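Chemist: Predicted structure and sequence below. I'll ask about it afterward.
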Amino acid sequence: MTLLDTTLAAAKAENRAALIGYLPAGFPTIAGATDAVQALIDGGCDVVEIGLPHSDPVLDGPVIQTADDIALRNGIRITDVLETVRQVTAANPAVPVLVMTYWNPVDRYGAARFAADLAAAGGAGCILPDLPVEESTAWTEAAAELGLATVFVVAPSSRDERLATITAHGTGFVYAAAVMGVTGSRAQVGELAEDLVKRTRATTELPVCVGLGVSTAAQAAEVSAFADGVIVGSAFVQRILDAASAEAGYTAVRELAAELAQGVRKR
């Protein structure tokens with residue numbers, strides 16, 4: 001079993017969902033991104049996702065788009081993303097670190113090269129929200145050789161046969177989008193999330209983790225009741241955007257992570 005597998009299994013053994021936190025590399029600065037991700041871990045995140053900023057993040061809402069824009073204006077490059085992964089994994093060898101990325105940057109970098117460099121940095125795998133499974137062979141083969149997870153995204157609109165196709169190609173866990181639309185905090189997680197998790201589980205033994213919309217401890221507890229993992233991104237990004245200083249932002253991230261960590265333990 002990989003570190004990601006054992007981490008998710010450990011949360012399940014505690015009768016709770018894992019808490020998975022997301023922040024983009026290069027935000028609020030290239031150097032500061034490591035401190036921001038560390039705040040996620042210090043607050044209680046079991047797994048972290050480091051976003052690879054993209055100039056056209058079509059699946060992301062305005063909060064993450066703003067953070068990506070800041071990172072790009074900071075001059076973030078793929079090598080900086082990988083260095084952030086390396087620093088985080090070196091400081092936290094028991095915490096799985098995934099890269100969340102659109103496919104185009106990986107394709108341009110080279111799938112095999114990216115997989116090798118991510119593995120060398122200590123990464124646990126990739127979440128690839130816009131890569132069709134039918135076109136994923138170059139990545140999945142390279143990833144499998146290096147023990148990296150390939151996490152695909154399913155949505156409430158996915159039919160059962162499509163869910164089966166997607167989950168058959170994925171490893172690590174399945175990312176279940178709680179709502180239709182782009183990323184961002186919401187007042188309600190989405191009524192379709194529990195049904196999507198149930199339908200997805202019917203096709204796979206992989207853990208099913210829910211994201212898009214979770215921002216409070218109460219929502220985390222709600223999702224933890226039926227999912228294997230609770231994924232939070234925009235709420236953490238917003239805390240940094242709202243902070244008066246970088247250090248205040250890290251403190252706010254740490255505090256929110258601690259609240260959410262309590263939430264997933266109240267299923």
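Modeler: All right, it came through fine.
Chemist: which residue is nearest the centroid of the chain?
Modeler: Among the residues of the chain, the one closest to the centroid is Glu49, at 3.9 Å (C-alpha atoms, centre = their mean).
Chemist: doesn't that one fall inside a strand?
Modeler: Yes. Counting by DSSP: H, G, I helix; E, B strand; the rest coil, Glu49 is found in a strand.
Chemist: so what's it up against?
Modeler: Glu49 makes contact with 20-23, 97-100, 127, 231, 233 under the criterion C-beta atoms under 8 Å, 6 or more residues apart in numbering. Where you see a C-beta, it was placed from the backbone N, CA and C, and this is true even at glycine.
Chemist: Take these and, keeping just the buried ones, write it as a PyMOL select command.
Modeler: Here is the PyMOL command that picks out the buried ones among the contacts of Glu49, judged by 16 or more other C-beta atoms under 10 Å:
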select buried, resi 20+21+22+23+97+98+99+100+127+231+233
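Chemist: Could you dump the contacts of Glu49 into CSV and include distance to Asp5 and secondary structure?
Modeler: Shown next, in CSV, are these (distance: C-beta to C-beta, whole Å; DSSP: H, G, I helix; E, B strand; the rest coil):
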residue, distance to Asp5, secondary structure
Ile20, 14, strand
Gly21, 19, strand
Tyr22, 20, strand
Leu23, 23, strand
Val97, 14, strand
Leu98, 13, strand
Val99, 18, strand
Met100, 19, strand
Ile127, 16, strand
Ile231, 17, strand
Gly233, 22, coil
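Chemist: Can you tell me which of the contacts of Glu49 lies closest to Leu82?
Modeler: Val99 (8.2 Å; C-beta to C-beta).
Chemist: Quick check: pLDDT value at the residue lying closest to that closest one once chain neighbours are set aside.
Modeler: Leaving aside its sequence neighbours, Val99 sits nearest to Cys126 (C-beta to C-beta, 6 or more residues apart in numbering; 5.1 Å). Looking at Cys126, its pLDDT is 98.
Chemist: So what does Cys126 look like in phi/psi?
Modeler: Reported as degrees, to the nearest 10, the phi and psi values for Cys126 are phi -130, psi 150.
Chemist: What residues are bridge-paired with it?
Modeler: Val99, Thr150 (DSSP bridges).
Chemist: can the contacts of Glu49 go into a markdown table with extra columns for distance to Phe173?
Modeler: Shown next, in a markdown table, are those (distance: C-beta to C-beta, whole Å):
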| residue | distance to Phe173 |
| --- | --- |
| Ile20 | 9 |
| Gly21 | 15 |
| Tyr22 | 14 |
| Leu23 | 19 |
| Val97 | 14 |
| Leu98 | 10 |
| Val99 | 15 |
| Met100 | 13 |
| Ile127 | 9 |
| Ile231 | 10 |
| Gly233 | 15 |
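Chemist: closest to Ala91 among the contacts of Glu49?
Modeler: Distance to Ala91, by C-beta to C-beta, is smallest for Val97 among these, at 10.3 Å.
Chemist: wait, doesn't the closest one sit right on Thr89?
Modeler: Yes. Using C-beta atoms under 8 Å, Val97 is in contact with Thr89, at 5.2 Å.
Chemist: Overlap of the contact sets of those two?
Modeler: 122-123.
Chemist: Enumerate the beta-bridge partners assigned to the residue nearest to the centre of the chain.
Modeler: Tyr22, Leu98.
Chemist: what's the spacing between it and Val95?
Modeler: 11 Å (C-beta to C-beta, to the nearest Å).
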